[in-house]
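Engineer: Sequence and computational prediction follow.
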Amino acid sequence: MINSKLVLVLKTLDKSELRLFKRFLLSKIFNQRAPVVSLFDYLREELPSSNPKLAKEIAFKKLFPDKPFKDKQIRDVMSYLFAALEQFLTFHQMHEDRGAELLALCKSYRQRNLLKLFESTSEKLVSVQQKSTYRDIEFHRTNYQLAQEQYYAGIKKARAHATNLQEVTQSLDISYFANRLRQCCTMLAHQNVYKTTYDFGMIEEIIKEVERQQLLHIPAINIYYYTYLAQTNPDNLDYFKELQQSLTANARLFDIAEMKDMYLLAMNIAIKRLNFGAIELIPYMLELYKSGVEQKILLTNGLLSRFTYKNMIALALGLEQYDWVAQFMQQYTPLLEQDFREETYHYNLAKLHYAKKEYGDALQLLFLNSSSDDVYINLDTKILLSRIYYEQRELDALEALVDSFKTFIRRKQIISYHRISYQNFITCLNKLTVLNPYDKQARADLLKEVEALQPLADKFWFVEQLA
């Protein structure tokens, strides 16, 4: 019983939902079997326990104390309870969405030929849509479905000559184009990560049609339009700039889950371009991060990822926004996961001191992290130590650090992409260290090599040293 789909779903209900489900079961409309309620009471009592006594034999004895155990009988009751649970989840989901509820009612009235009630209900739905703060894909899908229902109702009134077919068609286009663009953006991202190939169908025709119909004023189309173009035309940075501005301006028009997906797509595009040296994207990317954090789009359960924290600080330091970094760290360090908070803070504070050429303060903080159990904090610490030793011409310390760096990379479990990136860092660092500073041709050759090398951790630093 512990592994049954019934228990699996029940465990996802919170206290409020459990109370509502009990009331649902007590309604004769949805359930007329007393054992179903008794089984729910038994499961509801046992599930919160750290060691719940969930067995069909125990449940049967509670439901039918005077009868011998019958496996089929208890399985039947479980099946009835699960069917009621699915019905409750469907009802609860629709009841949570006022638009979906009214749309279903419109359809019912239209099918029953109650056209006056249909009209009043459709007017309510129009009002709900207009008052909604969201202009996401669900908003446009509801607009299309309502227009379709209004068309069918118009046919029933025998006014086919005065239908709203143009409105139906336009709302269908908007809903379809937004959905299709979003799906293609997701497919492109998945294709890049998993090295697979998808058929994108008529997406290029959709792009042209969006432009022909001048639909870019619609945020749900605009954002995915520029996301798609930024993914497929990485050398045209204007597409990403348009995307960043659209996301920042329209974030509140989408629910948190969809907007988070949009932000992550945009950030992955920018990070990829940044790795290829597109440093002019830094201010746009930082503004995107700031917007995402301030509006809590990039927070998860009230916590800020240490990677987002580190990326924002790195971008701001690149723009020499030192005061902002100090303020940001003071405000958002408490939102880091507790297990990583102290080390993450020390490392990023060290980066701030390093950027301000306060090498002594930076080194003291980095030494606190030099034996960290976190692989990536350890690697980041080694890279920053390497940069300080090189800039301070502490070549003996640098040589010893590089040796330990190589050993660390060889022994630790590191994602292959990152392993190559860190290995390339060491290779370039060794070449930089032995480079004759007065040999302009050798310097130019190494700069060209660095710019072409992928992946390479802290590429911008090598370019800065060689430029």
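Structural biologist: That came in fine, so what should we check first? Worth saying up front: this structure is predicted, and the values here are computed from it rather than measured.
Engineer: Ends of stretch 294-311, what's the gap?
Structural biologist: Stretch 294-311 has an end-to-end distance of 15 Å (CA to CA, to the nearest Å).
Engineer: Give me the residues contacting the host helix or strand of residue 123.
Structural biologist: Using DSSP states H and E, residue 123 sits within helix 115-131. Here helix 115-131 makes contact (CB atoms under 8 Å, 6 or more residues apart in numbering) with 98-99, 102-103, 105-106, 109-110, 139, 142-143, 146, 149-150, 153, 156-157. From N, CA and C alone the C-beta is placed, and that goes for glycine too.
Engineer: Any chance you could give me that helix in PDB, C-alpha atoms only?
Structural biologist: Extracted C-alpha coordinates of helix 115-131, given in PDB (Å, rounded to 0.1, in the frame of the first residue of the first chain):
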ATOM      1  CA  LEU A 115     -28.000  31.900 -24.700                       C
ATOM      2  CA  LYS A 116     -28.900  34.700 -22.400                       C
ATOM      3  CA  LEU A 117     -27.000  33.000 -19.600                       C
ATOM      4  CA  PHE A 118     -24.200  32.300 -22.000                       C
ATOM      5  CA  GLU A 119     -24.000  36.000 -22.800                       C
ATOM      6  CA  SER A 120     -23.900  37.100 -19.200                       C
ATOM      7  CA  THR A 121     -21.300  34.500 -18.300                       C
ATOM      8  CA  SER A 122     -19.100  35.400 -21.300                       C
ATOM      9  CA  GLU A 123     -19.300  39.000 -20.200                       C
ATOM     10  CA  LYS A 124     -18.100  38.000 -16.800                       C
ATOM     11  CA  LEU A 125     -15.200  36.100 -18.400                       C
ATOM     12  CA  VAL A 126     -14.300  39.100 -20.500                       C
ATOM     13  CA  SER A 127     -14.200  41.200 -17.300                       C
ATOM     14  CA  VAL A 128     -12.000  38.700 -15.600                       C
ATOM     15  CA  GLN A 129      -9.600  38.700 -18.500                       C
ATOM     16  CA  GLN A 130      -9.400  42.400 -18.600                       C
ATOM     17  CA  LYS A 131      -8.800  42.700 -14.900                       C
END
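Engineer: Name the residues of it that are buried.
Structural biologist: Buried residues in helix 115-131, counted by 16 or more other CB atoms under 10 Å: 118, 119, 121, 122, 125, 128, 129.
Engineer: What residues does residue 317 make contact with?
Structural biologist: For residue 317, the contacting residues are 325, 351, 352, 355, by CB under 8 Å, 6+ apart.
Engineer: From residue 354, how far off is it?
Structural biologist: 8 Å (CB to CB, to the nearest Å).
Engineer: residue boundaries of the helices in the stretch 51-200 of the chain?
Structural biologist: 56-63, 71-96, 98-111, 115-131, 137-156, 165-194 (DSSP state H, counting those that start in this stretch).
Engineer: Tell me if I'm right that residue 64 and residue 35 touch.
Structural biologist: Yes. Counting by CB atoms under 8 Å, residue 64 does reach residue 35; the two are 7.5 Å apart.
Engineer: hang on, the earlier thing: and residue 302, which of the helices of the stretch 51-200 of the chain is closest to it?
Structural biologist: helix 71-96 (22.3 Å; CB to CB).
Engineer: From the contact counts, what lies against the closest one?
Structural biologist: Judged by 3 or more CB pairs under 8 Å, 6 or more residues apart in numbering; DSSP states H and E, helix 71-96 is in contact with helix 5-10, helix 15-26, helix 34-46, helix 56-63, helix 98-111.
Engineer: Could you list the buried residues of the third one?
Structural biologist: Just to be clear, that refers to helix 34-46. Applying a neighbour-count criterion of 16+ other CB under 10 Å, one finds 35, 36, 37, 38, 39, 40, 42, 43, 44, 46 buried in helix 34-46.
Engineer: List the contacts of the first one.
Structural biologist: Taking CB under 8 Å, 6+ apart as the criterion, residue 35 is in contact with 63, 64, 77.
Engineer: remind me which residues of this protein are low pLDDT?
Structural biologist: When residues are selected by pLDDT under 70, those of the chain lie in 158-162.
Engineer: show me the contacts for the residue lying farthest from the centre of it.
Structural biologist: For the chain, the residue at maximal distance from the C-alpha centroid (CA atoms, centre = their mean) is residue 66, at 53.7 Å. Listed by CB under 8 Å, 6+ apart, residue 66 has no contact partners.
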